[in-house]
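> build me a structure from this.
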Amino acid sequence: MKKMIFGALLFICGMIGILASFIVVGLNPGFHYKIPGLLGSLLVSRTIFPLIFFVIMALVGTIICAYEAYFRN
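The predicted model follows:
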C-alpha cells in the first residue's frame, strides 16, 4: 500500500510539473531558428529537459501504481 501511495505521489508531482511547463510555454511563446510551435517554444524557454523529466516521473508513478494494483499478491 505504501508503494502505491508513493507511485500516486510521483504521478501527481509529474503531472503538476508537466502542467507548469505548458503554462510557462504558453505565457512565453517563442520561435527557435526554424522550429515553430510547441517544440520551438520549449527550446526557447529551456523547459524541454524539465518536461522530459516530469513525463518520466509521471510514467514511473503510473507503472508503480499499476504494478501494485494488478500484479502484487
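> first vs last residue of stretch 31-43, how far apart are they?
End-to-end distance for stretch 31-43: 8 Å, by CA to CA, to the nearest Å.
> what's in contact with that stretch?
21, 25, 28-30, 44, 48, 51 (CB atoms under 8 Å, 6 or more residues apart in numbering). Heads up, the C-betas are built off the backbone N, CA and C, glycines and all.
> same check, this time on stretch 44-63
Outside stretch 44-63, the residues that reach it (CB under 8 Å, 6+ apart) are 7-15, 17-18, 21, 24-25, 28, 30-32, 39, 42.
> show the average pLDDT along that stretch.
The pLDDT scores in stretch 44-63 average 93.
> so which bits of it are buried?
44-45, 47-48, 50-51, 54, 57-58, 61-62 (16 or more other CB atoms under 10 Å).
> with stretch 9-20 instead?
10-11, 14-15, 17-18.
> and those residues, which of them are in strands?
Judged by DSSP state E, the buried residues of stretch 9-20 include no members of strands.
> make CSV out of those residues and add pLDDT.
Formatted as CSV, the buried residues of stretch 9-20 follow (pLDDT from 0 to 100):
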residue, pLDDT
10, 94
11, 95
14, 96
15, 96
17, 95
18, 95
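> kind regards, and thank you for your time.
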